[in-house]
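# build me a model:
(chains A, B, C and D)
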Number of protein chains: 2
Amino acid sequence: MKGKRPHLSITDSSEEPLTGAVEDYLKAIYALGRGSVSVATNDIAQRLDLTPASVSGMVRRLAGHGFLSYERYRGVTLTDLGRRAALRTLRRHRVIEAYLSGALNYPWDRVHAEAERLEHAASDELVDRMAAAIGEPLTDPHGAPIPSREGDMDETEYLSLAELGAGYGARVVRVSDEDPEMLRYLGELQIMPGAELIVISKAPYEGPIALAVSGTMLAIGPQLASQVMVEPLTDLEAPAH
Amino acid sequence: MKGKRPHLSITDSSEEPLTGAVEDYLKAIYALGRGSVSVATNDIAQRLDLTPASVSGMVRRLAGHGFLSYERYRGVTLTDLGRRAALRTLRRHRVIEAYLSGALNYPWDRVHAEAERLEHAASDELVDRMAAAIGEPLTDPHGAPIPSREGDMDETEYLSLAELGAGYGARVVRVSDEDPEMLRYLGELQIMPGAELIVISKAPYEGPIALAVSGTMLAIGPQLASQVMVEPLTDLEAPAH
DNA sequence: AGATTAAGTTAGGCAACACTAACTTAATCG
DNA sequence: CGATTAAGTTAGTGTTGCCTAACTTAATCT
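Presented below is the predicted three-dimensional model:
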């Protein structure tokens, strides 16, 4: 019996390993549809840096394997099977990120790229050992929640820093993880999960947002601010007007 | 520019990432030929659990990329490029094994399978960080030498326990790593790198070999003994006759 | 409603890898 | 030396995943 490649059969209820490409598609669809909304072919293509034609083909295969429901020209929705697979990959990815950062001192702007490759190769046992070794973290280094072994994830939506009104204080809970350059910059500014800040002022017409971060004054643009998710602090609520 | 797949070009002197399959072939050929001897198609096929036909095809491609020199019907020899690539993969593999064992308490019978997949996904940076984190080990958990970052490896050949004469003492330096069952058994018997033992007697006709291992008496077959590499201890040399 | 455009799809290729079946080369033995 | 056998090769196929080019569907605008 030589042929024991991945080969996804329709009758597989067992947890055969998925190919890296399949995992990437499911992750992307999950991210774009927040798990349940219908997702457009083009958006998947853009996120994965593929052509729409490629996505059309793959999406048909994924639907054939029961990972998503698909009507031509109508977008795509994850099935339960697909959602669970996506969350499993997401857990891998985020545990790996947290481990690289926490145990190997990886700088937070490089964990994403490394995890992106390792998530397809690491076994559940490894991921669980990593999680245990760093104390079962609840989020990755960028503040993204880590799904539980059972596939549950905290889906709380947060306000972005761009939406926060002048005078309000907030704690940073999460930043977008994909742009290393941006992460390095945010790191320099000390804008990272856990940091507390106050919005001093917001210039109109997409102008700079002035902040106080751990005692330091600085200003960032609204585009960057929109990548920073925050939780308003109730004890600093009163606007300064 | 969408097409940035591995796509190995002939003019690549740069270190493009190789595909997992290519790395596996090069590792296998290195292992079979000790790095320089010519290797038979069939042996590669057997080691990788592939058909000889598949190997013929791949070998032609690898030769085209300059990883090995190949004459039809005549076997295959690694070029310098191929040898370096093989040693790079070997380093990854063994550092990962050592790390899993040393930092994550992985049992030594399972590190091989995990490393087999991770070695194709881990970056040099990760491998170097792992090595640093556990004190730059010189061998993996089975005693196999880890190539240096520069691609040098200790190629000392050792005696197998099956070849050691009765009455001799020796230190275990290395055991074969691929059979988890066997590793578990050797572990129970405390036969692992660093252990010291004395050959009490060897029954003729492939009979059992009686040993004293850390004070305990036990006997193993010659087939198993041949998988255990040892270094004779000069201070225990005198046969007990 | 008809035309334009954006979104999505099919058709046709290609590269990597693997397989089976059938053939060829090399080695060996009487 | 010719025949058998072992080793290795080619030919033809299939799957995954990706691409480009050309077409179709759906949405939108006048």
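# point out where chain A drops to low pLDDT.
By pLDDT under 70, the weakly predicted segments of chain A are A:1-15, A:235-241.
# tell me the centre residue of it?
The centroid of chain A falls nearest to A:Ala144 when counting by CA atoms, centre = their mean (5.9 Å).
# quick one, what contacts that residue?
Neighbouring residues of A:Ala144 by CB atoms under 8 Å, 6 or more residues apart in numbering or on different chains: A:94, A:174, A:177. The way it works is simple: take the backbone N, C-alpha and C, and place the C-beta from them, glycine included.
# the helices in chain A, which residues?
Secondary structure of chain A, counting by DSSP state H: helices at A:20-33, A:41-48, A:52-64, A:80-104, A:111-118, A:124-133, A:180-188, A:222-225.
# list the buried residues for the fourth one?
Okay, so that is helix A:80-104. A:82-104 (16 or more other CB atoms under 10 Å in any protein chain shown).
# which single residue of chain A ends up nearest DNA strand D?
Per CB to the nearest atom of the strand, A:Thr19 is where chain A lies closest to DNA strand D, at 2.6 Å.
# residues contacting A:Phe67?
Neighbouring residues of A:Phe67 by CB under 8 Å, 6+ apart: A:22, A:26, A:78-79, A:81-82, A:85.
# farthest pair within the residues you listed?
Within those, A:Val22 and A:Thr79 form the most distant pair, 13.6 Å apart (CB to CB).
# neighbour count for these two, which is higher?
A:Val22 (21 against 16; other CB atoms under 10 Å in any protein chain shown).
# the more buried one is in contact with A:Gly64, isn't it?
No - the criterion here is CB atoms under 8 Å, and A:Val22 misses it with A:Gly64 at 11.6 Å.
# ok, A:Leu138 - how many residues close by?
Neighbours of A:Leu138 (other CB under 10 Å): 12.
# what's near enough to touch it?
A:Leu138 neighbours (CB under 8 Å, 6+ apart): A:145-146, A:154.
# please check these and keep the buried ones.
A:145-146.
# nearest to B:Gly167 among the contacts of A:Leu138?
Closest to B:Gly167, out of all of those and judged by CB to CB, is A:Ile146, at 57.9 Å.
# ok, the closest residue to that closest one other than its chain neighbours - contacts?
Using CB to CB, 6 or more residues apart in numbering or on different chains and skipping the chain neighbours, the partner closest in space to A:Ile146 is A:Arg94 (4.4 Å). By CB under 8 Å, 6+ apart, the residues touching A:Arg94 are A:115, A:139-140, A:144-147.
# keep only these that also lie close to DNA strand C.
The overlap between the contacts of A:Arg94 and the neighbours of DNA strand C (CB under 7 Å from any atom of the strand) is empty.
# farthest-separated two in those?
The widest separation within the contacts of A:Arg94 (CB to CB) is 15.1 Å, between A:Ala115 and A:Pro145.
# looking at it, A:Ala86 is touching A:Leu26, isn't it?
Yes - using CB under 8 Å, A:Ala86 is in contact with A:Leu26, at 4.2 Å.
# got CSV for the contacts of A:Phe67, with distance to A:Leu68 too?
As requested, the contacts of A:Phe67 are exported to CSV (distance: CB to CB, whole Å):
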residue, distance to A:Leu68
A:Val22, 11
A:Leu26, 8
A:Leu78, 5
A:Thr79, 6
A:Leu81, 9
A:Gly82, 5
A:Ala85, 10
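# how long is stretch A:117-134 end to end?
21 Å (CA to CA, to the nearest Å).
# near chain B, anything from it?
Yes - counting by CB under 8 Å from any CB of the partner chain, chain B has neighbours in stretch A:117-134: A:117-118, A:120-123, A:125-126, A:129-130, A:133.
# neighbour-wise, which of those residues leads?
A:Leu118 (25 neighbours).
# wait, what's in contact with it?
Per CB under 8 Å, 6+ apart, neighbours of A:Leu118: A:92, A:96, B:118, B:121-122, B:126.
# again with A:Gly207
Going by CB under 8 Å, 6+ apart, A:Gly207 touches A:Pro222.
# what's the distance between it and B:His65?
According to CB to CB, to the nearest Å, A:Gly207 stands 54 Å off from B:His65.
# now do A:Arg110
Distance from A:Arg110 to B:His65, counting by CB to CB: 29 Å.
# B:Val213 versus A:Gly35, what's the distance?
On the measure of CB to CB, A:Gly35 and B:Val213 end up 55 Å apart.
# let me fix that: A:Leu118
From A:Leu118 over to B:Val213 (counting by CB to CB), the distance is 38 Å.
# so which bits of chain A are right by DNA strand D?
Chain A has residues A:6-8, A:19-22, A:24, A:48-51, A:53-54, A:57-58, A:61, A:73 near DNA strand D, with proximity defined as CB under 7 Å from any atom of the strand.
# tell me the domain ranges of chain A?
As given by automatic domain parsing, the domain ranges for chain A are A:9-154, A:159-236.
# out of those, which one sits most buried?
domain A:9-154 (a mean of 18; mean count of other CB atoms under 10 Å in any protein chain shown).
# hang on, the earlier thing: right, and the domains of chain A - which one's nearest B:Gly165?
Distance to B:Gly165, taken as CB to CB, is lowest for domain A:9-154 among those, at 41.8 Å.
# how about the residues of chain A by chain B?
Counting by CB under 8 Å from any CB, the residues of chain A lying close to chain B are A:2, A:49-51, A:100, A:103-106, A:110, A:114, A:117-118, A:120-123, A:125-126, A:129-130, A:133.
# is A:Asp24 in contact with A:Asp49, as I believe?
No - using CB under 8 Å, A:Asp24 is not in contact with A:Asp49; the gap is 10.4 Å.
# between the two ends of stretch A:141-160, how far is it?
18 Å.
# export stretch A:216-228 to CSV, keeping only CA atoms.
Extracted in CSV, the C-alpha atoms of stretch A:216-228 (Å, rounded to 0.1, in the frame of the first residue of the first chain):
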residue,chain,number,x,y,z
THR,A,216,4.6,59.9,26.5
MET,A,217,2.8,62.1,24.0
LEU,A,218,2.6,61.0,20.4
ALA,A,219,0.4,61.2,17.3
ILE,A,220,-0.6,58.6,14.8
GLY,A,221,-2.7,58.6,11.6
PRO,A,222,-6.2,57.3,11.5
GLN,A,223,-5.2,54.5,9.2
LEU,A,224,-2.8,53.1,11.8
ALA,A,225,-5.2,53.8,14.6
SER,A,226,-7.9,51.7,12.9
GLN,A,227,-5.6,48.6,13.3
VAL,A,228,-5.5,49.0,17.0
